[in-house]
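Enquirer: need a 3D model of the sequence below.
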Amino acid sequence: MLQRYFLLIPALACLYACDHSQATSTTKAITTAAISAADAVKGMVLVKGDVFMMGTDDPKSYLAERPAHQVKVHDFYIDATEVTNRQFKKFVDATGYKTVAERKPKWEDLKQQLPPGTAQIPDDELVPGSMVFVAPDRPVNKANISNWWQWVPGADWQHPEGPGSNIEGRWDHPVVHVAWEDANAYAKWAGKRLPTEAEWEYAARGGLVEKRYAWGDDFTPGNKYMANTFQGSFPDKNDQADGYAITAPVASYPANGYGLYDMIGNVWEWTADWYDVDEYKSLAHQLSEDPKGPDKWHNPEDPYAIQRVTKGGSFLCANDYCINYRPSARRGTAFDSGASHIGFRCVKDKK
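Expert: Prediction:
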């Protein structure tokens, strides 16, 4: 979506850059926490591997999800919930880690993901910050994301809405404003890793076969909301019929068939895979075993962004705007970008 570049330039387009010299030194300092084997899988669920149909042939889906194709995954452990603010704080306290949103960006990094010839942003405008959802006070044009996304200097995981906000009372909410490298650093410290897209989708399906949602084919079975999504008229009027305007505490909704919470909705979740919009076409009519995704990113609609796959949708997914609250749904997200609706969970190999 090229709109985001014009949303951020010149108004602090540094969401898509990070201080890689600092990132490298910080990442090298991260070592695995000293924990017992039992503690290493505490809060995780063992998912037994099998062959499943990944993606979908549902015409009411996006092209990047098609076609459905056979994939085999092996046993793995996965976090029962998204990583919370409480858990992320333990990591930060133990390592001194600073997230991408907390670092001053560099123009040399930023320009690599912007159209050639983009005017340089003055150094004094390159400040730490992140993207924050701000609901407009009236109906707006849904084609322009700047109508509800704002670049907020000082927004980060500890200040989700920017300076003056905090996470008191939200310790059990999923951590947000984390870029891919932040999630990856946490996973390394925890002795885990980020899930492949195949592992994530297999886990999200909870044992159901080719169902539209993680709980079946009915979005609200028995008029019950099964995930934290957006109800009403996006983006200005959230009816909060599911009980929440933004993120919800993890495990606020029923678990899926594998005992996993919030695989759908609440926040988008990072995976390990690069995003290639055409990847599934190349996998049709074959069985892939533990696929790790493409070797490189590819998205003609966002040609300059270096993207990883995010899955699951968020509290901002709405019937009248997006339908990404499904296991097969996928999107590319710039790897060095955080926002108020992006989080993650980890997996661990079964040895």
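Enquirer: let me see the contact set for Gly293.
Expert: Gly293 makes contacts with Thr196, Glu197, Thr271, Ala272, Asp273, Trp274, Asp276, Glu279, Val309, as judged by Cβ atoms under 8 Å, 6 or more residues apart in numbering. Placement of C-beta: from N, CA and C, glycine included.
Enquirer: try it again at 7 Å.
Expert: Shown in contact with Gly293 (Cβ atoms under 7 Å, 6 or more residues apart in numbering): Thr196, Glu197, Ala272, Asp273, Trp274, Val309.
Enquirer: then Asn256?
Expert: When contacts are counted by Cβ under 7 Å, 6+ apart, Asn256 touches Ala204, Gly206, Ala214, Trp215, Met263.
Enquirer: which pLDDT value goes with it?
Expert: Reported pLDDT at Asn256 in the predicted model: 98.
Enquirer: re the thing from before, make TSV from the contacts of Gly293 and add distance to Lys142 and secondary structure to it.
Expert: Formatted as TSV, the entries for the contacts of Gly293 read as follows, by distance: Cβ to Cβ, whole Å; DSSP: H, G, I helix; E, B strand; the rest coil:
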residue	distance to Lys142	secondary structure
Thr196	32	coil
Glu197	27	helix
Ala272	31	strand
Asp273	28	strand
Trp274	28	strand
Val309	24	strand
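Enquirer: most neighbours, which of these?
Expert: Looking at those with neighbours defined as other Cβ atoms under 10 Å, the largest count falls to Val309 at 29 neighbours.
Enquirer: so what's Pro221 up against?
Expert: Applying Cβ under 7 Å, 6+ apart, the residues contacting Pro221 are Trp215.
Enquirer: could I get the phi/psi values of it?
Expert: When quoted as degrees, to the nearest 10, the phi and psi of Pro221 stand at phi -60, psi 130.
Enquirer: on that earlier part again, biggest separation within the contacts of Gly293, which pair?
Expert: Checked with Cβ to Cβ, those reach their widest spread between Thr196 and Trp274, with 10.9 Å between them.
Enquirer: partner residues bridging Val309?
Expert: Legend: beta-bridge partners of Val309 under DSSP bridges are Gly332.
Enquirer: re earlier: among the contacts of Asn256, which ones are in helices?
Expert: By the criterion of DSSP state H, membership of those in helices covers Ala204.
Enquirer: I'd like the contacts of Asn256 as a markdown table, with pLDDT and distance to Tyr97 appended.
Expert: Shown next, in a markdown table, are the contacts of Asn256 (pLDDT from 0 to 100; distance: Cβ to Cβ, whole Å):
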| residue | pLDDT | distance to Tyr97 |
| --- | --- | --- |
| Ala204 | 98 | 28 |
| Gly206 | 98 | 32 |
| Ala214 | 98 | 31 |
| Trp215 | 98 | 35 |
| Met263 | 98 | 26 |
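Enquirer: who wins on neighbours among the contacts of Asn256?
Expert: Note: the member of the contacts of Asn256 with the most neighbours is Met263, at 29 neighbours, neighbours being other Cβ under 10 Å.
Enquirer: and that one, what does it touch?
Expert: Remark: with contacts taken as Cβ under 7 Å, 6+ apart, Met263 is in contact with Ala203, Ala204, Ala214, Asn256, Gly312.
Enquirer: can you tell me the SS state at the residue lying closest to Glu279 once chain neighbours are set aside?
Expert: Take Glu279 and drop its neighbours on the chain: the residue closest to it by Cβ to Cβ, 6 or more residues apart in numbering is Pro294, 5.3 Å away. Assigned by DSSP: H, G, I helix; E, B strand; the rest coil, the conformation of Pro294 is coil.
Enquirer: how about the helices in the stretch 1-150 of the chain?
Expert: Assignment of helices within the stretch 1-150 of the chain using DSSP state H, counting those that start in this stretch yields the ranges 3-8, 20-29, 37-40, 85-95, 107-110.
Enquirer: was I right to think Lys350 contacts Val73?
Expert: No. Counting by Cβ atoms under 7 Å, Lys350 stays clear of Val73, with 11.2 Å between them.
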